[in-house]
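Visitor: Predicted coordinates and the sequence they were generated for:
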Amino acid sequence: MPKPAREILDSPAFHRLVARRWTVSLASTAALFLAYYGFIILVALDKAFLARRIGEVTTLGIPLAVGVIVVSWILALLYARWTRRVHDPEVAALRRELES
């Protein structure tokens, strides 16, 4: 006979699962926030620094802007990897517990 959903929702395992997901989500959001708004603040406060040439036509701002985009991709990939390896198996285990 399946367990009542309330029993699973009140279980410590479910609370740990939700807390861990929030922690990982907030950490990746904070990292992206720092990268993006750090770049925007740099644009606002030190245009001369970003305008420094690092080649004949390239300024420092261009690779830094690309870096912000790359950081966002990396964070998304890390979150997806964590979800596949950690979160999804834990969700599946809780689902099996609910069905048994």
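Guide: Cool, the structure landed. Numbering: from 1, shown residues only.
Visitor: Pick out the residue nearest the middle of this structure.
Guide: residue 28 (2.8 Å; Cα atoms, centre = their mean).
Visitor: Tell me how far that residue lies from residue 53.
Guide: Counting by Cβ to Cβ, to the nearest Å, the gap from residue 28 to residue 53 is 34 Å. Where C-beta positions appear, they are placed from N, C-alpha and C, glycine not excepted.
Visitor: related to what we said a few turns ago, what sits against the residue nearest to the centre of the chain?
Guide: Contacts for residue 28 (Cβ atoms under 8 Å, 6 or more residues apart in numbering) come out as 75, 78, 79.
Visitor: What about the second one, how many residues nearby?
Guide: One way to gauge burial is a neighbour count; for residue 78, by other Cβ atoms under 10 Å, it gives 14.
Visitor: just to revisit the earlier point, reformat the contacts of residue 28 as a markdown table; add pLDDT, secondary structure and distance to residue 6.
Guide: Listed next are those as a markdown table, based on pLDDT from 0 to 100; DSSP: H, G, I helix; E, B strand; the rest coil; distance: Cβ to Cβ, whole Å:
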| residue | pLDDT | secondary structure | distance to residue 6 |
| --- | --- | --- | --- |
| 75 | 96 | helix | 35 |
| 78 | 97 | helix | 34 |
| 79 | 96 | helix | 30 |
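Visitor: I'm done for today, thanks for sticking with me.
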